[in-house]
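>>> what would the 3D arrangement of this be:
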Amino acid sequence: MTAQARKRVAWIVVLTLVVIALVVLAILYGGGSGGGGGGY
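Numbering: from 1, shown residues only. So this is what the prediction gives:
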């Protein structure tokens, strides 16, 4: 695996984790109020 490929994979993993975290936060904070229309 080249360094460039490893860096790309690392970015994909990081972005995926960030997206998951945002979804979880949206569910936790937005789900309590009747599924609310998003907290943003």
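>>> pick out the residue closest to the middle of the protein.
Val19 (1.2 Å; C-alpha atoms, centre = their mean).
>>> shaky segments in the protein?
Within the chain, the stretches with pLDDT under 70 are 30-40.
>>> hang on, the earlier thing: roughly how far does the residue nearest to the centre of the chain sit from Met1?
Separation of Val19 from Met1 (C-beta to C-beta, to the nearest Å): 24 Å. Every residue, glycine included, has its C-beta placed from N, CA and C.
>>> C-alpha coordinates for stretch 14-27, CSV please?
Listed next in CSV are the C-alpha coordinates belonging to stretch 14-27 (Å, rounded to 0.1, in the frame of the first residue of the first chain):
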residue,chain,number,x,y,z
VAL,A,14,-12.2,10.0,9.5
LEU,A,15,-15.0,11.4,7.4
THR,A,16,-17.2,8.3,7.9
LEU,A,17,-16.7,8.6,11.7
VAL,A,18,-17.6,12.3,11.6
VAL,A,19,-20.8,11.6,9.6
ILE,A,20,-21.8,8.8,12.1
ALA,A,21,-21.1,11.1,15.0
LEU,A,22,-23.3,13.9,13.4
VAL,A,23,-26.1,11.4,12.8
VAL,A,24,-26.0,10.1,16.4
LEU,A,25,-26.0,13.7,17.7
ALA,A,26,-28.9,14.6,15.5
ILE,A,27,-30.9,11.6,16.7
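>>> what separates it from the chain centre, distance-wise?
With C-alpha atoms, centre = their mean, to the nearest Å as the basis, stretch 14-27 stands 2 Å off its chain's centre.
>>> buried ones in that stretch, by neighbour count?
Within stretch 14-27, no residue is scored as buried using 16 or more other C-beta atoms under 10 Å.
>>> just want the phi and psi numbers for the residue nearest to the centre of the chain.
phi -60, psi -50 (degrees, to the nearest 10).
>>> pull the contacting residues for it.
Listed by C-beta atoms under 8 Å, 6 or more residues apart in numbering, the contact set of Val19 is empty.
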